[in-house]
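Student: Please find the sequence and the predicted model below.
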Amino acid sequence: MNIFSYIVLGLSLSVPVGPITIEMVKRGIKKGFLHSWFVGLGGMSADVVLMFLIYFGVSTYLTTPVAKLMMWIFGCIILVYLGYESIRDAFREITIPEEKKKGNLLQSFLSGFLIAISNPLNIIFWIGIY
């Protein structure tokens, strides 16, 4: 019975759609599976970095009022920009020439990494886990 509760917890944590999932879908549509996958890898790498930082004691500094304010402001700017880009791109017609599908995988990875590392909800989530 104990393993069932862990499965339910894992599913409940992975179900909500966040900015990484949205970016993965956008990249998948525009540039293909590999770019979408690299956005996911970037987000997962940011999660690993946050886990290690919090495990080694950075959470004491991240829970101060000044640090919280800085994280919320920086995260708000990133997420508002991402939302603006999504809304702006929603009204464009999508044409995907073959040469546009090819692109820099590092850019996709960094995009996922920066979205995940700057998302204040992601940081609070890992502080809450540890």
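Tutor: Alright, I've got the coordinates.
Student: Spatially central residue in the protein, please.
Tutor: Taking CA atoms, centre = their mean, the centroid of the chain lies closest to residue 116, which sits 3.1 Å from it.
Student: That residue and residue 6: what is the separation?
Tutor: 23 Å (CB to CB, to the nearest Å). Where you see a C-beta, it was placed from the backbone N, CA and C, and this is true even at glycine.
Student: now swap in residue 125 and tell me
Tutor: Per CB to CB, residue 125 is found 17 Å from residue 6.
Student: higher neighbour count, the two?
Tutor: residue 125 (14 against 9; other CB atoms under 10 Å).
Student: can you give me how far the helix or strand that contains residue 66 is from the chain middle?
Tutor: Using DSSP states H and E, residue 66 maps to helix 65-90. Relative to its chain's centre, helix 65-90 lies at 12 Å (CA atoms, centre = their mean, to the nearest Å).
Student: Point out the other helices and strands that it packs with.
Tutor: Contact here means 3 or more CB pairs under 8 Å, 6 or more residues apart in numbering; DSSP states H and E; on that basis helix 65-90 packs against helix 19-31, helix 59-62, helix 105-118, helix 120-129.
Student: Extract the C-alpha set from the shortest one and format it as CSV.
Tutor: Translated: helix 59-62. The C-alpha coordinates for helix 59-62 follow below in CSV (Å, rounded to 0.1, in the frame of the first residue of the first chain):
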residue,chain,number,x,y,z
SER,A,59,17.5,27.3,0.9
THR,A,60,18.4,29.3,4.1
TYR,A,61,19.4,32.2,1.9
LEU,A,62,16.6,31.8,-0.6
